[in-house]
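Visitor: could you look at this predicted model? Sequence included:
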Amino acid sequence: MAISDIEFQKESKILAKVGLLLNNTLNQLADEVQIGEENLLEFKKMMWENTTNFDTLEQVQTNLATSLEEQKSLFKKKHYQTLERIRNKPYFASIVFKDDDGTINNIYMALTYLKDNNSNNILYDWRSPICSLFYDYETGPCEYEAPGGIFKGELKRKRQYKIADNKLLGVFDNSLNISDEVLQEVLANESNEKMKNVVNTIQLEQNRIIRNLEDNNLIVQGIAGSGKTTVALHRIAFLLYRLKDLSSNNILIFSPNNIFAEYISDVLPSLGEANTLQTTFNDYLETFITEYKSIETFTDFVARYYSYADDFYELIKYKQSDEIITDLNNYLDNYIKNCCFSSSFKEGEKNIIAKDMLNELLHNKYNRLPLFERVEEIAQKLSERLYKSSTKKYKTFLKLLYKNANFTKDYKKIYKNFWLSEFSKIKLPEKLISSFLNKDSINYEDALLFAYIKGKLEGFIYESSIKQVVIDEAQDYNKLQYIIIKNIFKKADFTILGDINQNINPYYSYKTLNELNDIFTEDTKYLELLKTYRSSPEIIAYTNKILNLKHVNAIRRDNNKPVVIRRNISNLKESIIADIKTLQASYKSTAIITKDSKEATKIYNLIKNDIDITLLGANDKNFKKDLIIIPAYTAKGLEFDSVIIYNDRKNSYRQNERNLLYVACTRSQHELYIYN
């Protein structure tokens, strides 16, 4: 609801005052940052020149002083950069909160805080406790929790602003977030090259996830377009604000592919925070599995199925199953039980190492350790005991131990023997086992099992510095992967987000992500996001039919653009180019989404000489969204103004491939064309 002219003039004056204070603060901070950096350099120089004159205590104290000065300097620089970012648009919303004492608090919300010369807050960081009222309540009774306790009162007003170049273009009063003018205007806008922050349109159900500090682990099921990734990134920004011992280097995001990682790379910097560490599960596999030159990616694994390039469906399904986890554990337990040192041996002239003692150490004293760590521990202790605490003979003992053992550190052999053992539900001939083991590369489904075996026998790589892990597209990870991840990040908290309807793994699926509670047992909460902000109601109605969904709640208003179906096309090239030009006349970004990479290449070659278009692969990082061709399994997490779905009539989506079609169609915001 627009405000009166008198109120608009009042708000314009407030904006002018804030703009003036902001400019003055920036000028002052610029000087302080420069002087601080110069002083820090001088201090470091003095320390370096006098370091030989300091005793140990003085050295520790000066190192601490240097670290504190660096932190102060970095904090000021970061605050300066965030204020510079909001110079032309200082704030986006305000609330009027009357507390129980009758005090009126007029709170202007921004990406960061701004204080006047008397240290009074003029702008409040959107992550501060009192600002949660804007997202969580309609006007009326309300409360918020802060470090000092729970504060109750009445929310008198909620107001949103449209500001550009420090000019007030619009002001809206609203009692609800869900249907306000600002949200609808944002939803009506064209998509950007990269994902942007949405601090001005965060909704109630999203805010409860972003600000959750009560639960260590969150598992979020969210339908397509519900803002799962956006919520995850804003949650990271919130945690960095509220948890003082947390930095960006303590947070790791698991992304589905490199395209997605690049797509989200602007969000945290736009919120005033440094980008966190990012990885894919394949990055971990390539680091941990050194026995192969290359490891198939998840995208190529999925592509192998959708291009029908594999004849071992039941075998791969078993390799991906929960059942094989139990079978592997039983196999490894039996393998370890039967491992032993089969003979005593002599080292040097006097040192006789008895096999009974070694087996006692292997199976009893060090049984808390993974098998091969036990052997290393025994070698270490023998070297220390027999050579007066020296470890110089460690490698000698390690070699002798394996020489006199009935087992070796040969993971390929250990994995092969699983398929020949009684523990495997599927018995395979040695020739077939060798076909997927004795190569330079290893298939994705085998790499997961191989990594698990290796981790169980020698220990998983433990990453103690990571305190928060975010996993996006959670439905594409099987339980074995979560077990591996949990072993790597033993002390981390997790935010896991996905949508079971967008599962593109043809061999594995969840009935509900709540099944992950079996793995993340400590203080875990399951939440759902059931409103979609991406697609028009017309597109949602169409995509609902693909999976027989009824619970999807569309927020975007009708745009009266029905889904266009193209059949019996006489000239495919002319038709696609004509549709592209029609869509480009109205929208900034258009994607042609195909079923697989083979079809993507086919359409690209068909039209590339007539129109400027980019063929996008899973490993491409930098791309323009204006016009691209991309396979459906690579398009996950992305969104476009308009989408053309193409698949050849001879390569149509099968009944069990509906999820992939659903993923493809739900990438579109405004218009959707379907070929075949």
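Guide: Yes, it's here.
Visitor: spit out the contact partners of Ser307.
Guide: For Ser307, the contact set (CB atoms under 8 Å, 6 or more residues apart in numbering) comprises Asp596, Ser597, Lys598. To be clear about C-beta, it is placed using only N, CA and C from the backbone, and glycine gets the same treatment.
Visitor: adding pLDDT, neighbour count and secondary structure, write those residues out as TSV.
Guide: Below are the contacts of Ser307 laid out as TSV (pLDDT from 0 to 100; neighbours: other CB atoms under 10 Å; DSSP: H, G, I helix; E, B strand; the rest coil):
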residue	pLDDT	neighbour count	secondary structure
Asp596	91	24	coil
Ser597	91	22	helix
Lys598	91	15	helix
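Visitor: between those, which is nearest Ile352?
Guide: Ser597 (62.8 Å; CB to CB).
Visitor: so where do the helices sit in the stretch 1-150 of the chain?
Guide: Ranges of helices within the stretch 1-150 of the chain are 5-50, 56-85, 132-136, based on DSSP state H, counting those that start in this stretch.
Visitor: show me where the stretch 201-350 of the chain has its helices.
Guide: 204-210, 228-242, 258-263, 267-270, 281-288, 298-306, 313-320, 323-338.
Visitor: with distance to Asn560, mean neighbour count and mean pLDDT added, can I get those in TSV?
Guide: Putting those into TSV (distance: least, CB to CB, whole Å; neighbours: other CB atoms under 10 Å; pLDDT from 0 to 100) gives the following:
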stretch	distance to Asn560	mean neighbour count	mean pLDDT
helix 204-210	28	20	94
helix 228-242	27	22	95
helix 258-263	29	21	82
helix 267-270	32	18	90
helix 281-288	42	18	94
helix 298-306	34	21	91
helix 313-320	44	17	95
helix 323-338	50	15	98
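Visitor: pLDDT below threshold where in the stretch 151-300 of the chain?
Guide: By pLDDT under 70, the low-scoring segments of the stretch 151-300 of the chain are 175-193.
Visitor: ok, now with 50
Guide: 178-179 (pLDDT under 50).
Visitor: now the strands for it?
Guide: 167-173, 217-222, 251-254, 277-279, 294-295 (DSSP state E, counting those that start in this stretch).
Visitor: just checking: what are the partner strands of the second one?
Guide: Using DSSP bridges, the strands paired with strand 217-222 in its sheet are strand 493-498 (parallel), strand 524-529 (parallel).
Visitor: most packed of the ones you listed?
Guide: Ranked by mean neighbour count, the strands paired with strand 217-222 are led by strand 493-498 with a mean of 24 (mean count of other CB atoms under 10 Å).
Visitor: using CSV, lay out the helices of the stretch 1-150 of the chain together with mean neighbour count.
Guide: What follows is these, written out as CSV (neighbours: other CB atoms under 10 Å):
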stretch, mean neighbour count
helix 5-50, 13
helix 56-85, 14
helix 132-136, 22
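Visitor: so which of the ones you listed comes closest to Asn605?
Guide: That would be helix 56-85 among the helices of the stretch 1-150 of the chain, by CB to CB, at 42.7 Å.
Visitor: which residue, other than its chain neighbours, is closest to Lys409?
Guide: Closest residue to Lys409 apart from its sequence neighbours, by CB to CB, 6 or more residues apart in numbering: Phe372 at 5.7 Å.
Visitor: and the one you found, what is it in contact with?
Guide: By CB under 8 Å, 6+ apart, the neighbours of Phe372 are Lys409, Leu457, Glu458, Gly459.
Visitor: buried only: go through those for me.
Guide: By neighbour count, with 16 or more other CB atoms under 10 Å, these hold Leu457, Glu458 as buried.
Visitor: format the contacts of Phe372 as JSON lines; extra columns: pLDDT and secondary structure.
Guide: Converted to JSON lines, the contacts of Phe372 look like this (pLDDT from 0 to 100; DSSP: H, G, I helix; E, B strand; the rest coil):
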{"residue": "Lys409", "pLDDT": "95", "secondary structure": "coil"}
{"residue": "Leu457", "pLDDT": "98", "secondary structure": "helix"}
{"residue": "Glu458", "pLDDT": "96", "secondary structure": "helix"}
{"residue": "Gly459", "pLDDT": "96", "secondary structure": "coil"}
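Visitor: related to what we said a few turns ago, tell me how far the residue nearest to Lys409 lies from Lys381.
Guide: Phe372 is 15 Å from Lys381, where distance means CB to CB, to the nearest Å.
Visitor: likewise Ile496?
Guide: Counting by CB to CB, the gap from Ile496 to Lys381 is 41 Å.
Visitor: what does Leu123 give?
Guide: According to CB to CB, Leu123 stands 61 Å off from Lys381.
Visitor: the two - which one has more neighbours?
Guide: Leu123 (22 against 16; other CB atoms under 10 Å).
Visitor: pLDDT score assigned to that one?
Guide: Leu123 carries a pLDDT score of 97 in this model.
Visitor: may I have the beta-bridge partners of it?
Guide: Leu114.
Visitor: hmm, it is touching Tyr108, no?
Guide: Yes - using CB atoms under 8 Å, Leu123 is in contact with Tyr108, at 5.3 Å.
Visitor: and Lys381, what element?
Guide: Using DSSP states H and E, Lys381 sits within helix 371-386.
Visitor: now do that helix: distance to the chain's middle.
Guide: When C-alpha coordinates are averaged (CA atoms, centre = their mean, to the nearest Å), helix 371-386 and its chain have centres 40 Å apart.
Visitor: tell me what angle that helix forms with helix 323-338.
Guide: On the basis of axes from the mean of the first three to the mean of the last three CA atoms, to 10 degrees, helix 371-386 is oriented at 30 degrees to helix 323-338.
Visitor: give me the number of residues near Thr521?
Guide: Using other CB under 10 Å, Thr521 is surrounded by 10 other residues.
Visitor: against Asn216, how distant is it?
Guide: 10 Å.
Visitor: same question, Asn568
Guide: 56 Å.
Visitor: next one: Gln34
Guide: Distance from Gln34 to Asn216, by CB to CB: 42 Å.
Visitor: cool, and Ile485?
Guide: 15 Å.
Visitor: picking that back up, if we take the contacts of Phe372, which one ends up nearest to Glu349?
Guide: Of the contacts of Phe372, the one sitting nearest to Glu349 (CB to CB) turns out to be Lys409, at 28.9 Å.
Visitor: so which residue is dead centre in this protein?
Guide: Ile253 (3.6 Å; CA atoms, centre = their mean).
Visitor: what's opposite that one in the beta bridge?
Guide: Going by DSSP bridges, Ile253 forms beta bridges with Gln278, Val470.
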